[in-house]
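Asker: next come a sequence and a model predicted from it.
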Amino acid sequence: MTKRRAQNQKKSKGRKPFKIIKQQNSSKKSREIKQNLQTEARNLPTQKIQNPKNSPQINQIEKEKDNEFNYYNNSLCNVFYTYSGELLTKYFKKENNKEDLAQINEAILSKFGITKELRKYAFKYLLEVLKPYNIRGKLYFKTVSLFDSFLITYSKNHSKDSCAQFLISKHDKIFSRTKLVLFTLCCFFIINQIFNTQNFELRCLEKWDDEEEFSYDELNKLIYDILKEVDFNIDILGLYDFFNLFLFDLNKKLKIATNENTFVDYFNKSANNFAIKLVQDISLSDVMPSVQSFGVIMFSLEYTKFMVKHSDNVNFLIENWIQKFKNIFINYNQNDVKRVIHWLNDYVNTH
């Protein structure tokens with residue numbers, strides 16, 4: 001046996017590599033993670049430069065500042081109404097039908113032997129697996145929604161015993177974390193096939209964690225069963241849909257109106273992180289996705305304002321953006337927004 005052949009056999013043992021296959025038409029830009037983010041803000045009064053000596057130079061500065069603020073105010077809705085208005089209306093309408101939402105709870109999870117801690121473990125595991133591949137945030141959030149939607153639908157359509165057996169190991173007949181992870185990765189596989197320009201090999205899951213919980217044929221069947229159970233509806237409305245719209249609009253304005261890239265970058269990283277932490281937990285799964293998103297954005301903005309130096313222009317822009325949004329988002333539940341902010345505040349204080 002040659003040395004190279006021996007090395008290849010050694011590599012084949014245990015977990016197979018998680019391979020991403022790049023399609024020819026995929027671009028570098030399409031493979032970047034689109035980070036989405038935000039927190040909470042307060043109204044600050046617009047302060048004008050005082051001119052006790054009536055200096056023409058100071059008058060000009062004051063005039064330019066007024067014009068600047070007027071421009072920001074008039075442009076606040078440009079992108080939102082031209083790009084996002086119709087989508088937002090569609091999402092609000094869809095959100096009113098709770099059948100279109102994947103609102104998981106502990107009672108449903110328990111039917112499968114899953115605790116909220118195990119669910120969180122599965123999605124943290126998924127995040128670590130995907131991190132080296134710069135997978136877009138949308139795929140992660142959509143995977144979470146598909147995971148929950150399947151469990152909700154399956155628990156309605158199948159017996160208690162069927163649910164209880166779904167994640168039982170074929171080897172020792174007890175709950176299998178490996179099987180839970182593989183189910184999560186299969187959900188990601190489906191989402192990735194639909195929304196991404198990169199694919200990964202399903203065969204790499206055959207001996208995940210060096211355990212043969214699923215053969216390749218069984219993995220294919222699980223993929224089909226997931227799709228069949230959710231009636232091939234994989235684009236499930238969730239936090240990300242609203243989050244993406246709000247972030248697009250807010251980031252567009254921040255980048256046009258300010259040169260404070262440090263603030264914008266920190267805000268986006270924080271908001272994306274907070275959104276991920278929120279969907280990993282089920283404590284607020286009863287809160288509407290739009291409200292979850294708004295709460296994350298408000299908290300992330302306040303958090304960034306506390307952590308990063310910024311100008312009055314940023315304060316002005318943020319406060320006006322929030323007010324304009326509240327005028328559109330008329331019927332949002334203020335108490336639920338407070339719950340989201342309180343949850344995120346507790347998270348920051350304990351991590």
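Answerer: The structure has been received and is ready for your questions.

Asker: every contact and neighbour count from this point should use C-alpha atoms.
Answerer: Noted.

Asker: need the CA coordinates for stretch 111-123. CSV is fine.
Answerer: Listed next in CSV are the C-alpha coordinates belonging to stretch 111-123 (Å, rounded to 0.1, in the frame of the first residue of the first chain):
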residue,chain,number,x,y,z
LYS,A,111,-43.3,15.7,21.6
PHE,A,112,-40.0,15.0,19.9
GLY,A,113,-38.0,14.8,23.0
ILE,A,114,-36.4,18.2,22.3
THR,A,115,-35.9,20.8,25.0
LYS,A,116,-35.4,24.5,24.3
GLU,A,117,-31.8,24.0,25.2
LEU,A,118,-31.4,21.2,22.7
ARG,A,119,-33.0,23.3,20.0
LYS,A,120,-30.5,26.1,20.8
TYR,A,121,-27.7,23.6,20.7
ALA,A,122,-28.7,22.5,17.2
PHE,A,123,-28.7,26.0,15.8
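
Asker: now do it: everything it contacts.
Answerer: Residues outside stretch 111-123 that contact it (C-alpha atoms under 8 Å, 6 or more residues apart in numbering): 106, 109, 144, 155, 160, 163-167, 175, 180-181, 184, 280-282.

Asker: which ChimeraX command selects the buried ones in the residues you listed?
Answerer: In ChimeraX, a selection of the buried entries from the contacts of stretch 111-123 looks like this (16 or more other C-alpha atoms under 10 Å):
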select :109,144,155,163,164,165,166,167,175,180,181,184,280,282
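
Asker: how is this protein divided into domains?
Answerer: Here the domain assignment for the chain is 79-94+237-350, 102-229, based on automatic domain parsing.

Asker: among those domains, show the one with the smallest mean pLDDT.
Answerer: Looking at these, the lowest mean pLDDT belongs to domain 79-94+237-350 (a mean of 88).

Asker: now the end-to-end length of stretch 125-139.
Answerer: Using C-alpha to C-alpha, to the nearest Å, one end of stretch 125-139 lies 15 Å from the other.

Asker: for it, buried residues please.
Answerer: Under 16+ other C-alpha under 10 Å, the buried positions of stretch 125-139 are 126, 130, 135-139.

Asker: and which of those is nearest to residue 210?
Answerer: Nearest to residue 210 out of the buried residues of stretch 125-139 is residue 126 (C-alpha to C-alpha; 17.1 Å).

Asker: contacts only, for that closest one.
Answerer: Applying C-alpha under 8 Å, 6+ apart, the residues contacting residue 126 are 181, 184-185.

Asker: so can I have TSV of the residues you listed showing distance to residue 246?
Answerer: Formatted as TSV, the contacts of residue 126 follow (distance: C-alpha to C-alpha, whole Å):
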residue	distance to residue 246
181	31
184	28
185	28
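
Asker: keep only those of the residues you listed that are in helices.
Answerer: 181, 184-185 (DSSP state H).

Asker: tell me what whichever strand or helix holds residue 319 is packed against?
Answerer: Residue 319 is part of helix 312-328 when elements are defined by DSSP states H and E. The helices and strands touching helix 312-328, judged by 3 or more C-alpha pairs under 8 Å, 6 or more residues apart in numbering; DSSP states H and E, are helix 56-75, helix 239-257.

Asker: what residues sit buried inside the shortest one?
Answerer: What it means is helix 239-257. For helix 239-257, by 16+ other C-alpha under 10 Å, it's 239-251, 253-254, 257.

Asker: next SSE downstream of that helix?
Answerer: Following helix 239-257 in sequence, per DSSP H and E, is helix 261-280.

Asker: dump that next one to CSV, restricted to CA.
Answerer: Coordinates of each C-alpha in helix 261-280 appear next as CSV, following Å, rounded to 0.1, in the frame of the first residue of the first chain:
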residue,chain,number,x,y,z
ASN,A,261,-18.7,53.9,9.0
THR,A,262,-17.5,52.7,12.4
PHE,A,263,-21.0,53.3,13.8
VAL,A,264,-22.7,51.7,10.8
ASP,A,265,-20.4,48.6,10.9
TYR,A,266,-20.8,48.1,14.6
PHE,A,267,-24.5,48.5,14.4
ASN,A,268,-24.8,45.9,11.7
LYS,A,269,-22.6,43.4,13.5
SER,A,270,-24.5,43.9,16.8
ALA,A,271,-27.9,43.7,15.2
ASN,A,272,-27.1,40.5,13.3
ASN,A,273,-25.8,38.9,16.4
PHE,A,274,-28.8,39.9,18.5
ALA,A,275,-31.2,38.6,15.8
ILE,A,276,-29.5,35.2,15.7
LYS,A,277,-29.6,34.9,19.5
LEU,A,278,-33.3,35.8,19.5
VAL,A,279,-34.3,33.1,17.0
GLN,A,280,-32.1,30.5,18.7
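
Asker: what helices or strands is the very next helix or strand once past it leaning on?
Answerer: Going down the chain from helix 261-280, the next helix or strand is helix 289-307, by DSSP H and E. Applying 3+ C-alpha pairs under 8 Å, 6+ apart, one finds that helix 289-307 contacts helix 239-257, helix 261-280, helix 334-350.

Asker: got the angle for the last one vs helix 289-307?
Answerer: With axes from the mean of the first three to the mean of the last three C-alpha atoms, to 10 degrees as the criterion, the two stretches helix 334-350 and helix 289-307 enclose an angle of 40 degrees.

Asker: what is helix 334-350 packed up against?
Answerer: helix 289-307.

Asker: now the helix it packs on: how far from the chain's centre is it?
Answerer: 13 Å (C-alpha atoms, centre = their mean, to the nearest Å).
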